[in-house]
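Participant: next one to model:
(chains A, B, C and D)
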Protein chains: 2
Amino acid sequence: MMENQQIKQAGLKVTLPRVKILNVLETSELRHLSAEDVYKELLAAGEEIGLATIYRVLTQFEGAGLVCRHHFEGGQSVFELNRGGHHDHLVCVKCGKVVEFVSEIIEERQRAIAAEHDFQIEDHSLIIYGVCKQCRESA
Amino acid sequence: MMENQQIKQAGLKVTLPRVKILNVLETSELRHLSAEDVYKELLAAGEEIGLATIYRVLTQFEGAGLVCRHHFEGGQSVFELNRGGHHDHLVCVKCGKVVEFVSEIIEERQRAIAAEHDFQIEDHSLIIYGVCKQCRESA
DNA sequence: CGACCCGATGCGAAAGATTGTCATTCTCCT
DNA sequence: AGGAGAATGACAATCTTTCGCATCGGGTCG
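Facilitator: Okay, here's the model as predicted:
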């Protein structure tokens, strides 16, 4: 079991709910899931789990660096498996599709701006909202 | 009354609550206020107003382009008077201080990235979270 | 292998933010 | 001034997320 190692290395006890949640994150079609999404996938798979546990576990995973939390529009947090590289997001406001991208130029400018204002960067979030090609055509 | 004109030009009926709310946005010390903040400022000024109205009016103002809504971390929306120029934010995670900035280089890169992925940009949000100088020194 | 300890889970209740309902009030037009 | 219809206020409802607490499970030690 791959998951067990990852959880252990993150310094967390290996429990059934944690393994199942991590597994959903790894195997789901969606790369970006809300706590509710994870909950529904597990219920659909016939797994017994409490929603509160999902929130707790996802928060722990975030603290351990296993997942990233994003605040897209819509009032709820979405989680994404941390596969190493940092990246930003392009979100379609019609269909919700998410495209990931990286721009070293932007990253570099951000560091420069933070430095100018004497801020020590902890994190940053860049989200571009737009309408994707398919949604424009079907409109 | 400056406010009346702005509200009328936004295509909204000029009502007392709207004028008062716009006035708070224009005169408050803070440039970024949550609905609750606006509510508290009005109560402190002895004004009678319902919180639900604040939410409704702010949402209308947003639709009319009078204010911008931002989703900083912390689970609630903050609103800012739209003074024309778009800008992004640098937020101190310790004290909540907000610094605004603009980078034409970043804007331009964003347009290029959206174009590459065939997205028509509607909006975007760039927030850098960090620790400001004062907070680092007092730590 | 079995007992134990402490953290982890599940459930329901609670908190915080936001929106909906609906009777009453206010704006704007005549 | 009068009236149609939109806007408001009070409160309930919803949604997301967190808390409290009794119970359960994982890992360790004997």
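Participant: distance between the worst-scoring helix or strand of chain A on mean pLDDT and the chain's centre?
Facilitator: The helix or strand of chain A with the lowest confidence, counting by mean pLDDT, DSSP states H and E, is helix A:2-9 at a mean of 89. Its chain's C-alpha centre and that of helix A:2-9 lie 18 Å apart, by Cα atoms, centre = their mean, to the nearest Å.
Participant: and the most centrally placed residue in chain A, what element?
Facilitator: Centroid check for chain A by Cα atoms, centre = their mean gives A:Glu80 as the closest residue, at 2.1 Å. Taking DSSP states H and E as the definition, one finds A:Glu80 inside strand A:78-81.
Participant: just say helix, strand or coil for the closest residue to A:Ser77 other than its chain neighbours.
Facilitator: In this structure, A:Ser77 finds its nearest non-sequential neighbour in A:Arg69, 5.2 Å apart by Cβ to Cβ, 6 or more residues apart in numbering or on different chains. Bear in mind the C-beta positions are built from the backbone N, C-alpha and C, glycine included. Secondary structure, DSSP: H, G, I helix; E, B strand; the rest coil: A:Arg69 is strand.
Participant: now A:Arg69: how far from A:Tyr39?
Facilitator: Counting by Cβ to Cβ, to the nearest Å, the gap from A:Arg69 to A:Tyr39 is 16 Å.
Participant: those two: which is more packed in?
Facilitator: Comparing A:Arg69 with A:Tyr39 by neighbour count (other Cβ atoms under 10 Å in any protein chain shown), the higher total belongs to A:Tyr39, at 21 against 15.
Participant: the more buried one belongs to a helix?
Facilitator: Yes: membership of A:Tyr39 in a helix is supported by three-state DSSP.
Participant: let me know whether it touches A:Leu51 as I believe.
Facilitator: Yes: judged on Cβ atoms under 8 Å, A:Tyr39 makes contact with A:Leu51 at a distance of 5.1 Å.
Participant: quick one: contacts for A:Gly84?
Facilitator: By Cβ atoms under 8 Å, 6 or more residues apart in numbering or on different chains, the contact set of A:Gly84 is empty.
Participant: pLDDT score for it?
Facilitator: You'll see A:Gly84 listed with a pLDDT of 83.
Participant: ok, A:Leu33 next?
Facilitator: At A:Leu33, pLDDT is 97.
Participant: with the one 4 residues further on instead?
Facilitator: Each residue has a pLDDT score; the one for A:Asp37 is 97.
Participant: how many neighbouring residues does it have?
Facilitator: The local packing of A:Asp37 (other Cβ under 10 Å) involves 17 other residues.
Participant: could you do A:Gly50 as well?
Facilitator: When neighbours are defined as other Cβ under 10 Å, A:Gly50 has 10 of them.
Participant: same check, this time on the one 3 residues further on
Facilitator: Burial of A:Thr53, expressed as a neighbour count using other Cβ under 10 Å, amounts to 17.
Participant: now do the contacts for it.
Facilitator: Contacts for A:Thr53 (Cβ under 8 Å, 6+ apart) come out as A:Pro17.
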